[in-house]
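Participant: Need coordinates for the below:
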Amino acid sequence: MTRFRVSADTAWLAILVLTVVLLLFVVQLFSVPEAARSRRRTVDRAVADLAADRTVGPATLLDPGTAAAGAALIAYYELDNGQAYVIHLTVEGHRSPMQLLLGLQRNGNIFALQMIESGELLWAIARAPRFLDPFIGSGAERPIPRSVSQLDSDSYAAVSGASMTFAAIADALLQASRFVEELP
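Facilitator: So this is what the prediction gives:
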């Protein structure tokens, strides 16, 4: 019969590894919920900013299956008792997902759009307001631009180099606009 012996160094190493694992578990146990609360506060502040002087209803969380074409609708907020909505959505960008807030009139017209989180290149975030401007005012009478070829030269300059991201956002906005039009 063979005896298994553990040296003192091996025992100390095992205790050290176990201690580190437990410490990481405890840190994650407290930091993950705090990170989620922090993201929630960021979204709530951004919704209030986007809504401006409108009355904002509570968030209505959507089924994770409410997705199409690389986008997912996360939640919506009713503004002024259903006169308008803010949609929180995520869009698969070229390199990583982007979180957007979209302000829509009841008829599906886009009145505001804000990027709240993105792992895309830094220039995409820095240029986000100009990058997103071509979508404002579209959706009802004016179709949502779906490609850079539909833009004027000033808007094209803001989007240049990110046509795939632009098209992904356009598809997500079209999906959200249709969603709002179908709300009861």
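Participant: Can you name the element that comes right after the helix-or-strand element of the chain with minimal mean pLDDT?
Facilitator: Least confident helix or strand, the chain: helix 153-159 with a mean of 49, by mean pLDDT, DSSP states H and E. Next along the chain after helix 153-159, taking DSSP states H and E as the criterion, comes helix 163-182.
Participant: Against which helices or strands is that following helix packed?
Facilitator: Of the remaining helices and strands, those touching helix 163-182 by 3 or more Cβ pairs under 8 Å, 6 or more residues apart in numbering; DSSP states H and E are strand 71-79, strand 84-92, strand 97-105, strand 110-118. Glycine gets a C-beta too; all of them are placed from N, C-alpha and C.
Participant: wait, which of those is closest to Val27?
Facilitator: Closest to Val27 of these is strand 110-118 (Cβ to Cβ; 22.7 Å).
Participant: quick check: mean pLDDT across that closest one?
Facilitator: Mean pLDDT, strand 110-118: 84.
Participant: try stretch 9-20
Facilitator: Mean pLDDT, stretch 9-20: 87.
Participant: cool, stretch 134-145 as well?
Facilitator: For stretch 134-145, the mean pLDDT works out to 80.
Participant: Quote the end-to-end distance of that stretch.
Facilitator: 7 Å (Cα to Cα, to the nearest Å).
Participant: swap in stretch 134-142?
Facilitator: First-to-last residue span, stretch 134-142, Cα to Cα: 11 Å.
Participant: Show the low-confidence segments of the chain, by residue range.
Facilitator: Applying pLDDT under 70 to the chain picks out residues 1-4, 32, 35, 64-71, 94, 118-130, 146-163.
Participant: and the helix of greatest length in it with strand 97-105, angle?
Facilitator: Under DSSP state H, the helix in the chain containing the largest number of residues is helix 8-51. Using axes from the mean of the first three to the mean of the last three Cα atoms, to 10 degrees, the direction of helix 8-51 lies 20 degrees away from that of strand 97-105.
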